[in-house]
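Peer 1: structure for this input, please:
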Amino acid sequence: MMKNFQSSTSRSAPTFSGLLIGVVLLAAVLRLYQLGRVPAGMTWDEAAIAYNGFSVVTTYRDEWLERLPISFRSFGDYKAPLAIYLNGAVTRVLGLELWAVRLPFALAGVAAVALMGVILRRLAVDDPALSSHSLVQPDSLALVGALLLAVSPWHHHFSRAGFESGLALTLLLASVWGWLKATDDHRTYWGVLGWLTVSALSASLAMYAYHSAKIVVPLLGLALGWWWRSWVKHHPKQVLAAAGLGAVSLLPLLHDAVVKEGIARLSQTSIFTPELSFAQLVLTAAGNFTSHLTPAFLVFGQTTTLRHGDGRWGVLLVTTLLLVVAALLGLVWHWRQGKGIPRTLGLGLVWVGVSLLPAAIGLEVPHSNRTLLGLPGVILLAVAGLPLVERLSRRVATQLDWTPHRTKLAGLSVLGMMLLLHSLLTLSYLHDYYTRFAAESAAAFQEGYLEAFEYVLPFETGQRGSDITKIVFSSSYGQPYIYALLARESSPYQYHAGDLIKYEFADVDIDDLSRRQAIVVAAGSDNLPISEADHLILGSDSSVRFAIFILE
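Peer 2: Numbering: from 1, shown residues only. Coordinates of the predicted model:
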């Protein structure tokens, strides 16, 4: 079978490759268009990633003067390191502009689409439940899967801002691709070892990129080993060598978690508290798990914050969900027929299941960011559902005594209508994202901070008058100091030596307007008389984000 796969690959590669490149280009347009403007503003986490990246690349220390840390203390949430180091390298070249800060995450999202395509092609070719179908061929299934990811609201949103989950997702896909390449039967000893090394190191990097990956990656790795257990038995040395290399690469992460404070984030954001008994923990985790399987979350946009979604569109378009449901029904049918579980269906189901675990033990649910690593599993299920939908359509046509030609046409027509509906839903989502959501997400993305510091910075440096001795900046929106450090490009040494001495980050009230030789930057929610302000900074929703008073 592998020989047939190689020969068919050589014949069809130009067509498949060309179409996949087209899908990837579409993904690039959707992720790079207005990258520095939508979502408007920069979240605390984006600002912290940008500043700590700048700091560690220029001084080898983070904002707390920790030398080349594995976990970044930041706001006390101990961020994973990979995104910060990568962001520092990119912004060192391109500058600390918002679009440059987001660029690595957007490019990772584009790469994920390409990886999704080649992974699906390999799985579809090797899975009889998919490759034996007369109308929906492996190349077509792979392209549809890549397209589903390219236009996915879930992936689109999380690859347009500084979310470490998107970076981890791409690395996880790279790990799976390395595994699939290693399992090609024609590989030499060193070829197998090389691709397994790629897989192991990509998996390791994913765990350095995002905390949820520390749970998902090992469990998914075990699932891959189980599905390909007969192959593993024939290549034990290469598997053990690559696994050992991956384990060694994780030693700094393990040391940080056990010896230092890297594990602190787990205790801060999880349900594991002394107040809950074991039974209560199980019930809470089960409730959290199922909260991610409801239509409210999947289709209708339920979210705890607009940082994690637009509040109107869910993580899946309804057409994708229908294909997933079809795949699950097909799974039941295969099981009842005693045919076992098709590999693509089973892997997709396991992938989704293990990816919900980090969110299930979290305090904030439903959480589309923590569950993003499960999106490829959803795509696998949706793609596996396509042949089942087409087959069901043909069976209905057969029951109606249609001719073979009309029966075949019926199956293609149903798939065509689903594609048309999916396209219309995608266009509607994108229009909503770049209009309504772009305006309504102003508060969620702390819009106005960058503009406020850009305005007051010339006063601090004496470029617009040298008599300003104090800048009182409202803390109503939280963490204003990180934006000051970012705007000023202060080194961590300067920061701890008092570089922000002119700033006072505090609650602002009417009494602050009686100061002299000062600038008061009030948040729109501080209820100061904005009609007396010298400068207003408005959000995309036209609300007053900051009111700036110059008191001479």
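Peer 1: just the element for the residue positioned nearest the centre of the chain, please.
Peer 2: Central residue of the chain (Cα atoms, centre = their mean): residue 166, 2.7 Å from the mean position. Here residue 166, judged by DSSP states H and E, is contained in helix 164-182.
Peer 1: helix or strand next in line after that helix, which one?
Peer 2: helix 189-209.
Peer 1: what's the angle between that following helix and helix 164-182?
Peer 2: Using axes from the mean of the first three to the mean of the last three Cα atoms, to 10 degrees, the inter-axis angle of helix 189-209 relative to helix 164-182 is 170 degrees.
Peer 1: what is helix 189-209 packed up against?
Peer 2: The helices and strands touching helix 189-209, judged by 3 or more Cβ pairs under 8 Å, 6 or more residues apart in numbering; DSSP states H and E, are helix 82-94, helix 164-182, helix 213-227, helix 236-249. In this view, the C-beta of every residue, glycine as well, is placed from N, C-alpha and C.
Peer 1: quick one: the helices in the stretch 401-550 of the chain?
Peer 2: For the stretch 401-550 of the chain, helices defined by DSSP state H, counting those that start in this stretch occupy the ranges 404-432, 438-440, 449-460, 480-488, 492-496.
Peer 1: can you list the buried residues in the fourth one?
Peer 2: What that stands for is helix 480-488. For helix 480-488, the neighbour count (16 or more other Cβ atoms under 10 Å) marks 480, 481, 482, 483, 484, 485, 486, 487, 488 as buried.
Peer 1: kindly report the same for the last one.
Peer 2: By neighbour count, with 16+ other Cβ under 10 Å as the criterion, the buried positions of helix 492-496 are 492, 495.
Peer 1: which among the buried residues of helix 480-488 gets closest to residue 434?
Peer 2: Of all these, residue 434 sits closest to residue 483, with 24.9 Å by Cβ to Cβ.
Peer 1: I figured the closest one hits residue 47, correct?
Peer 2: Yes: in this structure, residue 483 is within contact of residue 47 by Cβ atoms under 8 Å, at 5.5 Å.
Peer 1: pull up the overlap in contacts between the two.
Peer 2: Each of residue 449 lies in contact with both residue 483 and residue 47 under the rule Cβ atoms under 8 Å, 6 or more residues apart in numbering.
Peer 1: how does the chain divide into domains?
Peer 2: Listed domain ranges for the chain are 2-440, 449-551 (source: automatic domain parsing).
Peer 1: which of those has the lowest mean pLDDT?
Peer 2: Among the domains of the chain, domain 2-440 carries the lowest mean pLDDT, at a mean of 89.
Peer 1: and it, how far from the chain's centre?
Peer 2: Centroid separation for domain 2-440 versus its chain: 8 Å, with Cα atoms, centre = their mean, to the nearest Å.
Peer 1: same check on stretch 480-497?
Peer 2: Taking Cα atoms, centre = their mean, the mean C-alpha location of stretch 480-497 is offset from the chain mean by 28 Å.
Peer 1: put the alpha carbons of that stretch into CSV.
Peer 2: The C-alpha trace of stretch 480-497 is given here as CSV (Å, rounded to 0.1, in the frame of the first residue of the first chain):
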residue,chain,number,x,y,z
PRO,A,480,-0.5,50.3,33.5
TYR,A,481,3.2,50.0,34.4
ILE,A,482,3.9,47.4,31.8
TYR,A,483,2.7,49.7,29.0
ALA,A,484,4.9,52.5,30.4
LEU,A,485,7.9,50.2,30.2
LEU,A,486,7.0,49.1,26.7
ALA,A,487,6.4,52.6,25.4
ARG,A,488,9.7,53.9,27.0
GLU,A,489,11.6,50.8,26.1
SER,A,490,13.2,50.9,29.5
SER,A,491,15.6,48.1,30.4
PRO,A,492,14.8,46.1,33.5
TYR,A,493,17.9,47.6,35.2
GLN,A,494,16.5,51.1,34.5
TYR,A,495,13.1,50.1,35.7
HIS,A,496,14.4,48.8,39.1
ALA,A,497,16.7,51.8,39.4
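Peer 1: appreciated, that's everything.
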